[in-house]
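Student: Quick one: sequence and predicted model below, then my questions.
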Amino acid sequence: MAELDFEVTDEVDITDKVCPLTFVKAKVAIEELEDGEILAVRMNDGEPVQNVPRSMKEEGHKVLKLTDNEDGTYTMYVRKVED
């Protein structure tokens with residue numbers, strides 16, 4: 001796994017979900033965090049990688065990094081931003 005220059009607060013694996021449940025599960029997980037905390041979201045390639053980061057940005061959160069795990073999954077690191 002790549003070196004990160006930030007500390008992950010929590011992780012959620014949505015590889016067993018399909019859209020739109022992928023974003024719903026990620027959204028619930030980030031809502032449980034405090035402002036500034038970081039969530040790592042493991043998701044499948046394809047629709048989740050296209051939709052979940054975009055949806056997080058639309059919610060006002062900051063996507064820090066998207067890493068290819070080279071196994072058909074990606075991990076997105078997103079910082080919670082309060083309204």
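Tutor: Ah, there it is. Residues are numbered from 1 along each chain as shown.

Student: rest of the way, CA atoms for contacts and neighbours
Tutor: Will do.

Student: The closest residue to residue 83 other than its chain neighbours: what secondary structure?
Tutor: In space, and not counting its chain neighbours, residue 83 is closest to residue 60: 7.4 Å by C-alpha to C-alpha, 6 or more residues apart in numbering. Taken by DSSP: H, G, I helix; E, B strand; the rest coil, the conformation at residue 60 corresponds to coil.

Student: Could you verify my assumption that residue 60 touches residue 81?
Tutor: Yes. In this structure, residue 60 is within contact of residue 81 by C-alpha atoms under 8 Å, at 6.3 Å.

Student: Tell me which of these two has more neighbours.
Tutor: The neighbour count for residue 60 versus residue 81, taken as other C-alpha atoms under 10 Å, is higher for residue 81 (18 against 14).

Student: quick one: the more buried one is in a helix?
Tutor: No. Read with three-state DSSP, residue 81 is coil and lies in no helix.

Student: Identify the residue nearest it in space, chain neighbours excluded?
Tutor: Residue nearest to residue 81 in three dimensions, not counting chain neighbours: residue 61, with 4.9 Å by C-alpha to C-alpha, 6+ apart.

Student: could you measure the residue nearest to residue 83 against residue 47, distance?
Tutor: Between residue 60 and residue 47 the computed distance is 20 Å (C-alpha to C-alpha, to the nearest Å).

Student: Quick check, pLDDT for residue 2.
Tutor: At residue 2, the model reports a pLDDT of 55.

Student: same check, this time on residue 36
Tutor: At residue 36, the model reports a pLDDT of 97.
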